[in-house]
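[1] Here's a sequence, model it:
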Amino acid sequence: MLFIGVAVLGLSVLSANLLSSSRIVEPPSAAAIIESDHFQQTVAAVDQEFREHLRVLETESAPPADYATIARRLSLALTGTIPSFEELRALKEMPEQQRTQWWVSRLLNDRRSADYLAERFARSYVGTQNGPFIVYRRRRFVTWLGNQLQENRRYDELVRELISDTGLWTDSPAVNFLTVTLDENGDGRPDPIRLAARTSRAFLGMRIDCLQCHDDKLGNVWLGDEDAQRDGEQADFHRLAAFYSEAQSSLLGLKDDDSDYKYQYLDAEEEEVVPPQVPFNGGLLETLPLDEETATRRELLARWVTHPNNKPFARATVNRVWALMFGRPLVEPVDDIPLHGDYPPGLETLADAFVKADYDLKWLIRVIASTEVFQRDSRADFEVTDKHELRWAVFPLTRLRPEQVAG
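    Residues are numbered from 1 along each chain as shown. Reported below is the predicted structural model:
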């Protein structure tokens with residue numbers, strides 16, 4: 001009986017190992033993506049920009065890291081954990097040239113990745129607090145966001161829904177982006193000021209909220225068109241906030257009415273009605289495929305934010321995804337990218353390519369993971385200094401986030 005029990009146990013363990021191995025050694029196919037001209041050209045262009053950047057600065061770069069290091073790097077970035085021994089062993093058995101893309105595919109198809117990235121994005125959308133009771137469901141919001149990322153929904157569509165959705169916070173989880181700002185003792189309206197601040201930082205990568213109390217006196221916020229740049233004004237921020245003035249919460253959920261936005265400017269004697277107006281690229285509003293007479297203000301704002309010619313949106317997304325992958329953004333802070341000026345290598349190329357790829361976040365992650373700069377080692381046969389990290393000559397060493405340590 002003892003022999004039979006041991007034999008059965010051995011067969012069970014063997015079966016489990018075989019099942020586990022079959023799940024690991026069968027990589028999701030990504031050949032059509034990585035072999036496309038757009039993918040290859042984007043990776044090559046980014047690599048060339050960084051090579052030229054280091055050549056001009058006369059800075060030597062580190063050699064490529066080994067496959068296990070890259071695998072750990074990707075796992076921490078996309079799931080917050082490191083690969084198991086079994087996964088590393090499966091990677092070792094793969095052809096060398098297929099390892100990185102195989103591992104990226106496996107991670108991007110893993111629900112853990114969608115959940116982890118959803119939490120990372122949610123922090124920029126709604127913060128980390130629980131928010132007002134009943135009308136805000138953070139867990140429901142993060143779960144919904146994870147579903148969108150798992151399905152690889154177009155990022156521009158996702159953001160448009162966040163800004164313009166209506167309904168109950170349970171049935172229409174995107175409205176939690178607005179209801180998190182509700183004052184439980186207030187008038188039942190989401191806070192336009194907080195929403196304008198989050199819109200500018202999370203989706204445009206700009207700190208327009210610095211203009212909330214007064215005009216820009218220090219040259220920190222430049223707005224306007226490239227050939228007509230100007231200092232930001234207090235009115236720029238509040239005109240942006242005015243797009244959210246129609247949002248109203250009720251027992252039936254979030255809806256839009258025809259309420260105006262009123263604000264008392266610095267040095268003004270009384271409140272005044274502030275019309276909705278975007279702080280730059282205003283001409284894009286005229287090209288939107290919406291009827292301005294029937295569209296809500298939030299719908300207009302959502303279309304403007306995600307317009308293909310509104311470059312700050314694509315730049316902000318690339319910079320945030322780069323920060324997730326490297327632990328440090330191309331432009332620091334991650335939500336303070338200049339509207340005009342010189343940008344670091346890779347940013348403009350990736351932003352343009354992201355738009356051309358139909359705002360595909362998984363495509364963007366694959367591209368970044370395929371670049372020389374991502375696959376560089378953190379060590380080299382020369383003395384590595386802060387200068388090398390700042391110039392992306394080596395992969396930057398960053399502290400693990402608490403959830404990565406716990407994972």
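[2] these two touch, right, Leu182 and Ile134?
    No: taking contacts as CB atoms under 8 Å, Leu182 lies outside contact range of Ile134: 9.7 Å. Yep, even glycine has a C-beta here, placed from its N, CA and C like the rest.
[3] Domain parsing of this protein, as residue ranges.
    28-109+314-406, 129-309 (automatic domain parsing).
[4] Distance from the last one to the middle of the chain?
    For domain 129-309, the distance from its own C-alpha centre to the chain's C-alpha centre is 17 Å (CA atoms, centre = their mean, to the nearest Å).
[5] Could you work out the end-to-end span of it for me?
    Counting by CA to CA, to the nearest Å, you get 34 Å between the two ends of domain 129-309.
[6] returning to that earlier point: closest to Glu119 out of the domains of the chain?
    Nearest to Glu119, of all the domains of the chain, is domain 129-309, at 5.8 Å by CB to CB.
[7] Can you show me the strands along the stretch 101-250 of the chain?
    In the stretch 101-250 of the chain, the strands defined using DSSP state E, counting those that start in this stretch lie at 222-223, 230-231, 247-250.
[8] For the first one, give the mean pLDDT please.
    Same thing as strand 222-223. When pLDDT is averaged along strand 222-223, the result is 70.
[9] cool, the second one as well?
    Strand 230-231 carries an average pLDDT of 73.
[10] for the longest one, same thing?
    When pLDDT is averaged over strand 247-250, the result is 93.
[11] Pull out the buried residues from it.
    Of all the residues in strand 247-250, those buried under the rule 16 or more other CB atoms under 10 Å are Ala247, Gln248, Ser249.
[12] can these go into TSV with extra columns for distance to Met94?
    TSV is the format used below for the buried residues of strand 247-250 (distance: CB to CB, whole Å):
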residue	distance to Met94
Ala247	50
Gln248	55
Ser249	52
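[13] Count the neighbours of the residue nearest to Arg297 when sequence neighbours are not counted for me.
    Distance criterion CB to CB, 6 or more residues apart in numbering; nearest residue to Arg297, sequence neighbours excluded, is Phe243 at 4.5 Å. Around Phe243 there are 27 other residues, counting by other CB atoms under 10 Å.
[14] mind listing what Phe243 touches?
    Under the criterion of CB atoms under 8 Å, 6 or more residues apart in numbering, the contact list for Phe243 reads Pro192, Ala196, Pro276, Arg297, Arg298, Leu300, Leu301.
[15] Which of these sits closest to Thr42?
    Using CB to CB, the contacts of Phe243 come closest to Thr42 at Leu301, 29.5 Å.
[16] in terms of contact, does the closest one touch Thr199 like I think?
    Yes: under the contact definition of CB under 8 Å, Leu301 touches Thr199, with a separation of 7.4 Å.
[17] Overlap in contacts, the two.
    Ile163, Leu240.
[18] could you pull out the helices for the stretch 51-200 of the chain?
    Taking DSSP state H, counting those that start in this stretch as the test, the helices found in the stretch 51-200 of the chain are 67-78, 85-93, 99-108, 111-126, 138-150, 155-164, 176-179, 192-198.
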